[in-house]
Every structure is written in structure tokens, then in C-alpha cells.
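**Q** How does the following fold in three dimensions:
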Amino acid sequence: VVAKVRESAIITSFHMEPVNPLDWRDFEPGQFLVFKIPVPHAAGEKGYVLRNYSVSCSPASKGRYRISVKREAASAPGLPDGISSCFLHDRIDVGDVLQADGPRGEFVLDKASSRPVVLLSGGVGL
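**A** Numbers count the residues shown, from 1 in each chain. This is a model prediction of the structure:
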């Protein structure tokens with residue numbers, strides 16, 4: 001993580017570069033990265049969850065990815081807040097290393113098509 005930017009009270013962007021610059025791969029708008037997020041388990045054991053986050057920067061940002069993460073609150077009383085979003089917001093800072101794979105996904109525009117496109121979005125990721 002090379003930068004952590006608080007975009008709003010509930011959204012934080014994480015700017016990342018691969019530890020090895022040769023691991024950087026081109027991406028297209030609409031693709032995402034898969035993150036392996038550590039989570040505590042019973043009896044102190046450690047585990048992880050996999051979470052997908054859309055790349056939120058331009059492909060012109062060669063060598064760098066950005067994800068913008070919404071802090072997810074519990075959906076009902078007695079339920080926990082979002083495991084991965086809270087971990088990223090509360091525990092990850094500049095200099096930390098995250099495990100990620102990708103970019104992945106086929107939700108990309110057909111560059112060869114001349115058909116008009118209308119995109120509607122809600123929330124943070126596409």
C-alpha cells in the first residue's frame with residue numbers, strides 16, 4: 001500500500017503497487033482484484049476470507065492499482081460489521097502488504113463496438 005486516502009466518512013481508497021514491479025498486469029475498466037483478507041477464528045486460530053474489489057483507477061495508472069472500499073456496518077443488531085472492509089479501514093496503512101490476485105473479470109466494454117452504451121451504478125463497485 002503506497003497511499004491510503006479517506007474519500008468520505010465511510011469510503012477509503014487504497015493505492016497499491018506490487019512488491020515486485022514485474023508482477024503488475026494491465027487491466028481494463030470493470031475488472032477487479034481478489035484479496036485474501038486475514039480474519040481471526042475461535043481459539044486464536046487465523047484464517048482468511050476472499051473478497052473482490054473493483055479497480056477504481058484509470059488503466060493509464062501504469063504500475064499502480066487503486067481500490068475504493070466502503071466500510072460495511074452490520075445489517076442487523078447482533079451481527080458483526082463487515083469483516084474485510086473493517087479490516088482494511090482499521091488495520092491497513094501505507095507500507096503494509098496485501099495479498100491480491102488479478103485483475104480478473106469480463107465486465108468490460110467491447111472496444112470494437114460502435115453501439116451506444118448506458119451505464120447505471122449504485123454503491124461503490126461496478
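**Q** hey, let's count contacts and neighbours off CA atoms from now on
**A** Fine.
**Q** Could you pull out the strands in the chain for me?
**A** Along the chain, the stretches classed as strands by DSSP state E are 3-6, 11-16, 32-40, 46-54, 65-70, 99-104.
**Q** Can you name the residues bridging to S13?
**A** Beta-bridge partners recorded for S13 (DSSP bridges): V5, S68.
**Q** which ones are touching it?
**A** Contact partners of S13, counting by C-alpha atoms under 8 Å, 6 or more residues apart in numbering, are K4, V5, R6, E7, R66, I67, S68, V69.
**Q** Select only the buried ones of those residues in ChimeraX?
**A** Here is the ChimeraX selection string for the buried members of the contacts of S13, based on 16 or more other C-alpha atoms under 10 Å:
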select :4,66,67,68,69
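**Q** burial measure for the nearest residue to R64 once chain neighbours are set aside, as a count.
**A** Leaving out its chain neighbours, the residue that sits closest to R64 by C-alpha to C-alpha, 6 or more residues apart in numbering is E17, at 4.8 Å. Per other C-alpha atoms under 10 Å, the neighbour tally for E17 reads 17.
**Q** And V97, how close does it get to M16?
**A** Separation of V97 from M16 (C-alpha to C-alpha, to the nearest Å): 9 Å.
**Q** what's the answer for V1, then?
**A** For V1, the distance to M16 - C-alpha to C-alpha - is 4 Å.
**Q** Using CSV, list the CA coordinates for stretch 103-112.
**A** Coordinates of each C-alpha in stretch 103-112 appear next as CSV, following Å, rounded to 0.1, in the frame of the first residue of the first chain:
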residue,chain,number,x,y,z
PRO,A,103,-7.0,-8.4,-12.3
ARG,A,104,-10.0,-10.6,-13.2
GLY,A,105,-13.4,-10.2,-14.7
GLU,A,106,-15.0,-9.9,-18.1
PHE,A,107,-17.4,-7.0,-17.4
VAL,A,108,-15.6,-4.7,-19.9
LEU,A,109,-16.7,-2.7,-22.8
ASP,A,110,-16.4,-4.0,-26.3
LYS,A,111,-13.9,-1.6,-27.9
ALA,A,112,-14.8,-2.8,-31.4
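**Q** That'll do, ta.
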